[in-house]
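Enquirer: Quick one: sequence and predicted model below, then my questions.
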Number of protein chains: 2
Amino acid sequence: MQKAVCIMSGGMDSTLAAYIAKKRDNYEIVALHFNYGQRTQKREEKAFSDISELLKCVKSYSLDLDFFSQIGGSALTDESIKIPTNGLQSGIPITYVPFRNGIFLSIAAAIAEKEGASAIYIGVVEEDSSGYPDCREDFIKKLQDAIDSGTKPETKIEIKTPLVHLKKEQIVQESIELDVPLEYTWSCYKNSDIACGVCDSCRLRLKGFEYAGQKDKIPYQ
Amino acid sequence: MQKAVCIMSGGMDSTLAAYIAKKRDNYEIVALHFNYGQRTQKREEKAFSDISELLKCVKSYSLDLDFFSQIGGSALTDESIKIPTNGLQSGIPITYVPFRNGIFLSIAAAIAEKEGASAIYIGVVEEDSSGYPDCREDFIKKLQDAIDSGTKPETKIEIKTPLVHLKKEQIVQESIELDVPLEYTWSCYKNSDIACGVCDSCRLRLKGFEYAGQKDKIPYQ
């Protein structure tokens, strides 16, 4: 069996991506999580830990990236910037963390090269999302080229983005089909106990459940 | 004046790159250093700190990337793997740290976007080097494309590699022309007090001084 490094935030999208890697694409899973000083870091790490146990991952990396707080520049990593709760706006929101997925995927590539894994799964969603530039397919393709060029000649790593063109309701539907335990996932940007329901991430999640005609089992304010 | 993020290891190449950014290309310097669990981490950080002070940088980031030790897979970050001292071999040496420059440049891109810097300087050398795949111009060009695609539309960051096609003796010569204080730099992979003179990095450095007809002022065993 081949190995895949799955970047797992503990949220809905990356959890489904990891289940697709395991159940549909038959990879052994090397689970990879990042603590980067985001507000709900501890809650997300718990979600990651629960899910990677359920997934019976062969190896699990939970890496501390404290330097994100030194960089700042985002409402997710800088407590002095407020999380927007007024609904999704056009343009790139203040929750964008500069080049976060570039950093995440580069670290994933290093781990994949070390572990001899042949794929990296990332749960990026392009259209039905917050509009982050580092979640777009064009970016992923270009970083793929960079990884091909910047690793050993014998290293072959393919970045897989099974959700990139899905709508949120399709993500909920596919999760139910694959028995993904969505009740263990966490999406809220603001709270760690009861989800706020009004940050962009909660709004996208709730819309997905509503349009899919399903009930979200996590608690909301 | 425009700002440039200069990735500075404390070694000869990246120090010259930063001096070129400042003295030849007239940038204000945002200095960026990484502690990634390499054996000579403290010595390299001292060199970085000395040099960034001499360069009068407008801002200085020294980031701890402890997760490199969790990844391992290189003689630089794993104490159980011996540093080779038998001379440069063909192929990729065991001192290669998986996708290190991919990670370094991604973090530099995040800082450049946050700081509004328009350039990143990195002292990669392609031909006259240890043969790391992430030091080649082709890789840099591809990562440039990924950064262009994965950051905000208004973000314009150019990766500059002023040394990529230089030989080591040209690096020594250019350093002398630009008054780069090479005696403050540190290159040895193994030791932090007196350079070993026989690791790949010492060998490349010594060759550069020898071919340039110059004397290296740092102490050797």
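Expert: Arrived safely. Numbering: from 1, shown residues only, chains lettered A, B, ... in the order given.

Enquirer: Return the alpha-carbon coordinates of stretch A:74-84 using CSV.
Expert: What follows is stretch A:74-84, C-alpha atoms only, in CSV (Å, rounded to 0.1, in the frame of the first residue of the first chain):
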residue,chain,number,x,y,z
SER,A,74,-4.5,37.8,10.0
ALA,A,75,-7.5,37.8,12.3
LEU,A,76,-6.9,34.1,12.9
THR,A,77,-3.4,34.6,14.3
ASP,A,78,-3.6,38.1,15.7
GLU,A,79,-5.9,38.6,18.7
SER,A,80,-6.0,42.3,18.1
ILE,A,81,-7.8,41.9,14.8
LYS,A,82,-11.5,41.0,15.1
ILE,A,83,-13.0,37.9,13.4
PRO,A,84,-15.7,39.2,11.0
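
Enquirer: list the helices and strands whichever helix in chain A runs longest packs on?
Expert: If you go by DSSP state H, chain A has its longest helix at helix A:100-115. Judged by 3 or more Cβ pairs under 8 Å, 6 or more residues apart in numbering or on different chains; DSSP states H and E, helix A:100-115 is in contact with strand A:3-7, strand A:28-35, strand A:59-64, strand A:119-121, helix A:137-150, helix B:67-71, helix B:100-115, helix B:137-150. From N, CA and C alone the C-beta is placed, and that goes for glycine too.

Enquirer: run the last query once more with 7 Å
Expert: strand A:3-7, strand A:28-35, strand A:119-121, helix A:137-150, helix B:67-71, helix B:100-115, helix B:137-150 (3 or more Cβ pairs under 7 Å, 6 or more residues apart in numbering or on different chains; DSSP states H and E).

Enquirer: who touches the closest residue to A:Ala117 other than its chain neighbours in this structure?
Expert: Nearest residue to A:Ala117 in three dimensions, chain neighbours excluded: A:Lys3, at 4.0 Å (Cβ to Cβ, 6 or more residues apart in numbering or on different chains). Listed by Cβ atoms under 7 Å, 6 or more residues apart in numbering or on different chains, the contact partners of A:Lys3 are A:Tyr27, A:Glu28, A:Val30, A:Val58, A:Glu115, A:Gly116, A:Ala117, A:Ser118.

Enquirer: What residues are bridge-paired with the third one?
Expert: The residues paired with A:Val30 through beta bridges, assigned by DSSP bridges, are A:Val5, A:Lys59.

Enquirer: May I have the phi/psi pair for the residue lying farthest from the centre of chain A?
Expert: Taking Cα atoms, centre = their mean, the residue of chain A most remote from its mean C-alpha position is A:Pro153, at 28.3 Å. Per-residue torsions, A:Pro153: phi -60, psi -30 (degrees, to the nearest 10).

Enquirer: Test for you: state the pLDDT assigned to it.
Expert: A:Pro153 carries a pLDDT value of 95.

Enquirer: And for it, nearest residue in space, chain neighbours not counted?
Expert: B:Pro133 (7.4 Å).

Enquirer: I'd assumed A:Ile147 was in contact with the one you found.
Expert: No. Using Cβ atoms under 7 Å as the test, B:Pro133 is too far from A:Ile147 to be in contact (10.2 Å).

Enquirer: if you count what's nearby, which of the two comes out ahead?
Expert: The neighbour count for B:Pro133 versus A:Ile147, taken as other Cβ atoms under 10 Å in any protein chain shown, is higher for A:Ile147 (29 against 21).

Enquirer: Can you report how many residues neighbour the nearest residue to that one once chain neighbours are set aside?
Expert: Distances taken as Cβ to Cβ, 6+ apart put A:Ala109 closest to A:Ile147, at 4.7 Å, once the chain neighbours are dropped. Close neighbours of A:Ala109, defined as other Cβ under 10 Å, add up to 29.

Enquirer: And for the one 3 residues further on?
Expert: A total of 28 residues lie near A:Ala112 under the criterion other Cβ under 10 Å.

Enquirer: what do you get for A:Gln221?
Expert: 12.

Enquirer: That one contacts A:Ile194, correct?
Expert: Yes. With contact defined as Cβ under 7 Å, A:Gln221 and A:Ile194 form a contacting pair (5.3 Å).

Enquirer: A:Asp25: neighbour count?
Expert: A:Asp25 has 14 neighbouring residues, counting by other Cβ under 10 Å.

Enquirer: what's the pLDDT at it?
Expert: Taking A:Asp25 on its own, its pLDDT is 98.

Enquirer: From chain B, how far out is it?
Expert: Taking Cβ to the nearest Cβ, to the nearest Å as the criterion, A:Asp25 is separated from chain B by 23 Å.

Enquirer: same thing with A:Leu16?
Expert: Distance from A:Leu16 to chain B, by Cβ to the nearest Cβ: 22 Å.
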